[in-house]
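Peer 1: Give me the fold of what follows.
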Amino acid sequence: MPSPVCSDQLGRQDRCICARLFSACVTRREGIVNQATALSYSQVSRRLKDFKEGREEVIEEPRAGRPSTSTPDDNLDRVRNLLNSDCRLSVPLNVETLNIPKTIAHELVTDKLDVSKVCAKLIPKLLTDDQKNHRVTVATDLERPKPL
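Peer 2: Numbering: from 1, shown residues only. Modelled structure (predicted):
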């Protein structure tokens with residue numbers, strides 16, 4: 001059943017949006033909204049308004065600027081060099097030194113460089129056998145009581 005809002009003069013995509021709006025209204029009345037695939041009422045209303053104003057494409061237009069998921073390689077290199085110079089630096093100190101957001105610095109240190117914080121030192125998660133043995137000997141030396 002066509003919606004009274006839609007007419008024969010509308011384009012194919014406009015009719016698609018109108019049909020979606022109509023079906024969204026019907027499914028809301030019946031209470032069988034599939035949250036995974038259905039657009040919210042405000043999104044459908046916004047898109048319908050955009051198409052009535054002359055928009056012709058359903059696909060979103062590209063936005064200006066770099067995507068939020070991209071990481072410039074120079075930031076990664078700067079963080080790696082800073083940690084190589086002093087592995088006792090924490091993420092807030094990295095932020096102050098490099099002038100990058102705290103969330104980006106934390107992501108670079110933990111996810112991209114794959115290091116974790118152990119006893120206030122950032123160390124690699126994957127250690128070689130020699131490094132593991134050295135850590136065991138240092139830990140056992142620290143556990144032994146020192147003679148007075």
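
Peer 1: ok, which stretches of the chain are strands?
Peer 2: 115-118, 121-124 (DSSP state E).

Peer 1: hey, least reliable of the ones you listed by pLDDT?
Peer 2: Note on the strands of the chain: strand 121-124 shows the lowest mean pLDDT, a mean of 59.

Peer 1: Okay, helices next: where are they in the chain?
Peer 2: 12-30, 41-52, 73-85, 91-98, 102-107, 129-143 (DSSP state H).

Peer 1: If you count neighbours, what's buried in the fifth one?
Peer 2: Buried positions in helix 102-107, judged by neighbour count with 16 or more other C-beta atoms under 10 Å: I104, A105. From N, CA and C alone the C-beta is placed, and that goes for glycine too.

Peer 1: Quick one: mean pLDDT over that helix.
Peer 2: Across helix 102-107, pLDDT averages out at 81.

Peer 1: just the fourth one next, same as before
Peer 2: Rounded to a whole number, the mean pLDDT of helix 91-98 is 74.

Peer 1: ok, now the last one?
Peer 2: For helix 129-143, mean pLDDT rounds to 86.

Peer 1: Turn the helices of the chain into CSV, including distance to G65.
Peer 2: Converted to CSV, the helices of the chain look like this (distance: least, C-beta to C-beta, whole Å):
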stretch, distance to G65
helix 12-30, 27
helix 41-52, 21
helix 73-85, 16
helix 91-98, 21
helix 102-107, 15
helix 129-143, 42
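
Peer 1: out of those helices, nearest to A64?
Peer 2: Minimum separation from A64 across the helices of the chain (C-beta to C-beta) falls at helix 41-52, 18.6 Å.

Peer 1: buried set for that closest one?
Peer 2: Those would be V44, R47, L48, F51, for helix 41-52 by 16+ other C-beta under 10 Å.

Peer 1: Wait, D114 touches L127, no?
Peer 2: No - assessed by C-beta atoms under 8 Å, D114 is found out of contact with L127, at 11.7 Å.
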